[in-house]
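Trainee: Fold the following for me, if possible:
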Amino acid sequence: MTDTLEVIRTRRSIRSFKPDMVPRDVIGQIVEAGTYAATGKNGQSPVILAVTNRRLRDRLSEMNAQIMGVDMDPFYGAPVVLVVLADKSRPTCVYDGSLVMGNLMLAAHALGIGSCWIHRAKEEFETEEGKELLRSLGIEGDYEGIGHCVLGYVDGEYPDAAKRKENWVYYIE
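Mentor: Modelled structure (predicted):
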């Protein structure tokens, strides 16, 4: 258990990535960890899009930047984007997808891969362009965008943890 706790304590959001592609088997291990996230009543409502296709990755980046109102790559140059979506018909869809995101980021860190949760997936996949994109990929159903887990090799120094705030935990005995 010590290794797991160390991974949890040392994982940080990365905002500068090398362009080098993450090997497919490593992506597979990270994605598999996502599929083992807890979900409400084991409903397994989320789906993960593992995007390594540069054109699609760039399209998602452009959609995200437009929603954000910026002219930059909101994925910080990461070559891999794992899009987490969850079935809107499940009352726990946002929680289920959030747990998937957590597993993805922890698994990436354990395997020496940097990650960052990028928001605005909800807004992206509520647009007609986003819905059409899912249909073009053969993804049927009514999904809510939960997040983008961008992956890649860290470019620069790995960040240190910020000091933990006071009064984070209250023990009631």
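Trainee: where in this protein is pLDDT low?
Mentor: 1-2 (pLDDT under 70).
Trainee: so where do the strands sit in it?
Mentor: 46-51, 80-87, 114-118, 143-152 (DSSP state E).
Trainee: OK, contacts around the residue nearest the centre of the chain?
Mentor: Centroid-nearest residue in the chain: residue 149, 2.1 Å away (criterion: C-alpha atoms, centre = their mean). If you count contacts by C-beta atoms under 8 Å, 6 or more residues apart in numbering, residue 149 has them with 81-82, 84, 101, 104-105, 108, 115-118. Any C-beta I mention is one placed from the backbone N, CA and C, and that applies to glycine too.
Trainee: Look up the residues forming beta bridges with it.
Mentor: For residue 149, the beta-bridge partners are residue 82, residue 117 (DSSP bridges).
Trainee: As TSV, the contacts of residue 149 with distance to residue 29 and neighbour count would be great.
Mentor: Putting the contacts of residue 149 into TSV (distance: C-beta to C-beta, whole Å; neighbours: other C-beta atoms under 10 Å) gives the following:
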residue	distance to residue 29	neighbour count
81	17	24
82	12	25
84	16	27
101	16	22
104	11	26
105	13	28
108	9	29
115	13	26
116	18	22
117	19	17
118	21	22
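Trainee: buried stuff in stretch 5-22?
Mentor: 7, 11-12, 14-15, 17, 22 (16 or more other C-beta atoms under 10 Å).
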